[in-house]
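**Q** Requesting a structural model of the entry that follows:
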Amino acid sequence: MAHGVPSLESRNWLFRKKAQIIGHFIREPSRYVLDEYFAQKPALNTDVGVAYNLDFETLGTSMTTADVTFPGTIAGIQLDTHGADDDQAYICPHLDTNQTAWASVLWGTENQVIWETAIKTNSAIATTLIWAGLKLTADPTVATDDDQVYFRYSTDDSDTNWEIVSSIGGTDTTTDSGIAVAASTTYQFRIEIDSDRKAHFYIDNVLLYSTAALTNDVDFIPYIGIQALDTAKFSLFVAYEKISRFIYE
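**A** Numbering: from 1, shown residues only. All right, here's what the predicted structure looks like:
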């Protein structure tokens with residue numbers, strides 16, 4: 001601290017109107033940052049090539065490359081389930097060795113990871129399961145991963161609000177965020193893991209829940225997906241995904 005100015009860690013400035021910077025804007029030099037705005041759409045791993053996204057792939061029950069599109073009127077990509085009960089559409093970093101820093105750089109619980117995304121629900125959200133956050137596997141079932149921090153909504157569980165899921169060494173906690181899941185609505189999700197390994201969950205920049213210390217040295221993978229819970233076809237829009245961590249532990 002110098003001349004009574006708080007440290008960067010204690011500042012949280014939100015500009016609701018225009019902000020102009022005269023001189024250099026420097027992103028915090030101690031953090032490694034990846035931004036993905038989906039300039040190329042993700043495809044199945046078997047279709048990877050210059051025509052498709054080299055950092056992200058799409059997976060899921062009955063999923064095809066054609067089920068990911070640029071929606072046109074909405075920025076980002078559109079994920080569609082294929083039209084049968086339990087069909088899934090989700091994206092994650094390519095998991096092939098050395099394909100992308102999104103998977104090859106470790107996003108550990110001890111690395112003060114910050115992950116965020118903006119998604120938009122479709123006009124139909126009945127009988128769906130949506131999940132987004134940091135996990136060990138793509139499985140949206142709460143009991144699958146021993147360690148995880150993510151947002152979840154499932155009409156099979158009679159959810160009406162976004163649920164906040166945290167698992168620490170196999171102990172699962174599901175907390176009601178109090179934020180309703182509405183059709184055709186944009187949500188900004190953010191998860192910040194602090195120096196004490198505690199995860200803080202934000203929706204639309206509002207802090208809603210904080211965990212106890214997560215298991216040490218667990219490396220997460222970011223996943224975003226939707227699953228149909230009946231035979232209808234459902235969509236999820238993803239505008240961007242961001243992740244960062246301290247360069248050195």
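**Q** wait, isn't Trp107 in contact with Ile243?
**A** Yes - if you go by Cβ atoms under 8 Å, Trp107 and Ile243 touch, sitting 6.3 Å apart. No exception for glycine: its C-beta is placed from N, CA and C like everyone else's.
**Q** so what's in contact with those two at the same time?
**A** Residues touching both Trp107 and Ile243 (Cβ atoms under 8 Å, 6 or more residues apart in numbering) are Val113, Trp115, Pro222.
**Q** Am I right that the second one falls within a helix?
**A** Yep, that's Trp115 we're talking about. No - going by DSSP: H, G, I helix; E, B strand; the rest coil, the assignment for Trp115 is strand, not a helix.
**Q** check contacts around it.
**A** Trp115 neighbours (Cβ under 8 Å, 6+ apart): Trp107, Gly133, Leu134, Arg190, Ile191, Phe220, Pro222, Glu241, Lys242, Ile243.
**Q** ok, what's across the strand from the first one?
**A** By that I understand Trp107. Going by DSSP bridges, Trp107 is paired in beta bridges with Phe220.
**Q** now the second one
**A** The residues listed as beta-bridge partners of Gly133 by DSSP bridges are Tyr150, Tyr223.
**Q** burial measure for the nearest residue to Arg31 once chain neighbours are set aside, as a count.
**A** Once flanking residues are discounted, Arg31 sits nearest to Ser244: 4.8 Å by Cβ to Cβ, 6 or more residues apart in numbering. Residues contacting Ser244 under the criterion other Cβ atoms under 10 Å number 20.
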